[in-house]
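Asks: got a structure for you, letters missing:
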């Protein structure tokens, strides 16, 4: 089965800095890579996703990059704000399969 | 559309008891997945139901079981509760047609086993 490793487990940044979270996956057939954000006491929600036919995708301050050869993908958040503080989960899956999630990264943005 | 709902939101049980959790998916979604979330372990997949059949299963003991009804609502049962079963249990729904689908999560049921 798929195995997803996520690093770092905790990331502390100053407001305005950039934050990068990295994930690696094991199944070369995986072709869908979503990222979820879970604020304290709330449910995980999709913030961005990328499919294997695309190398990069951006949505305002967040972007995701995918390197299929190396089997890793990353979440980039620029100009971080205190409301970005949350736990972020990466996931990987292939068609008709349930996504496998990483263990999560707790992002702390200090004002 | 209404989001995914879960009941109850909080539960306190003692060791050895059993518990049933309920999940109502987004209207039209036929796939319901269950996850266990504990600090440091992230989201661990329990099982997925699609059209009343278990389609995928994670690596959990047989004490964890589930079912899905014809209206796509799903229940999860944990028998002979252990202290380590204390966790947030999340369900998620998706259309179930594959091709990389977004999982829409419910608010979760927080289970405390004493």
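Replies: In hand now; what should we look at? Source: prediction; values computed, not measured. Numbering: from 1, shown residues only, chains lettered A, B, ... in the order given.
Asks: looking at chain A, which residue is nearest chain B?
Replies: residue A:32 (2.9 Å; C-beta to the nearest C-beta). Every residue, glycine included, has its C-beta placed from N, CA and C.
Asks: beta-bridge partners for residue 23, please?
Replies: With no chain named, the answer covers chain A. Counting by DSSP bridges, residue A:23 forms beta bridges with residue A:6, residue A:73.
Asks: was after chain B, sorry
Replies: residue B:6, residue B:74.
Asks: neighbours of it, how many?
Replies: By other C-beta atoms under 10 Å in any protein chain shown, 27 other residues sit near residue B:23.
Asks: nearest residue to residue B:93 other than its sequence neighbours?
Replies: Excluding its sequence neighbours, the residue lying closest to residue B:93 (C-beta to C-beta, 6 or more residues apart in numbering or on different chains) is residue B:25, at 3.2 Å.
Asks: pLDDT of stretch A:71-84, averaged?
Replies: The average pLDDT within stretch A:71-84 is 97.
Asks: ok, now stretch B:22-36?
Replies: Here the average pLDDT along stretch B:22-36 is 95.
Asks: what comes up buried for that stretch?
Replies: For stretch B:22-36, the neighbour count (16 or more other C-beta atoms under 10 Å in any protein chain shown) marks B:23-26, B:29-36 as buried.
Asks: go on, stretch B:58-71?
Replies: For stretch B:58-71, by 16+ other C-beta under 10 Å, it's B:58, B:60, B:64-66, B:68.
Asks: enumerate the residues of chain B near chain A.
Replies: B:4, B:33, B:35, B:40-43, B:45, B:48, B:56, B:90, B:98-100, B:102-108 (C-beta under 8 Å from any C-beta of the partner chain).
Asks: got a quick ChimeraX command for the buried subset of these?
Replies: In ChimeraX, a selection of the buried entries from the residues of chain B next to chain A looks like this (16+ other C-beta under 10 Å):
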select /B:4,33,35,42,43,45,48,56,90,100,102,103,104,105,106,107,108
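Asks: can you tell me which of the residues of chain B next to chain A are in strands?
Replies: Counted as lying in strands by DSSP state E, out of those, are B:33, B:35, B:42-43, B:45, B:48, B:56, B:90, B:104-105.
Asks: next, format the residues you listed as a markdown table and append distance to residue A:110.
Replies: Shown next, in a markdown table, are those (distance: C-beta to C-beta, whole Å):
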| residue | distance to residue A:110 |
| --- | --- |
| B:33 | 35 |
| B:35 | 30 |
| B:42 | 24 |
| B:43 | 26 |
| B:45 | 33 |
| B:48 | 39 |
| B:56 | 40 |
| B:90 | 29 |
| B:104 | 31 |
| B:105 | 28 |
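Asks: so which of the residues you listed is the closest to residue A:78?
Replies: Residue A:78 lies nearest to residue B:42 out of those, by C-beta to C-beta, at 25.0 Å.
Asks: contacts only, for that closest one.
Replies: Contact analysis of residue B:42 by C-beta atoms under 8 Å, 6 or more residues apart in numbering or on different chains lists A:6, A:89, A:101-104.
Asks: got JSON lines for these, with neighbour count too?
Replies: Formatted as JSON lines, the contacts of residue B:42 follow (neighbours: other C-beta atoms under 10 Å in any protein chain shown):
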{"residue": "A:6", "neighbour count": "21"}
{"residue": "A:89", "neighbour count": "27"}
{"residue": "A:101", "neighbour count": "25"}
{"residue": "A:102", "neighbour count": "25"}
{"residue": "A:103", "neighbour count": "18"}
{"residue": "A:104", "neighbour count": "24"}
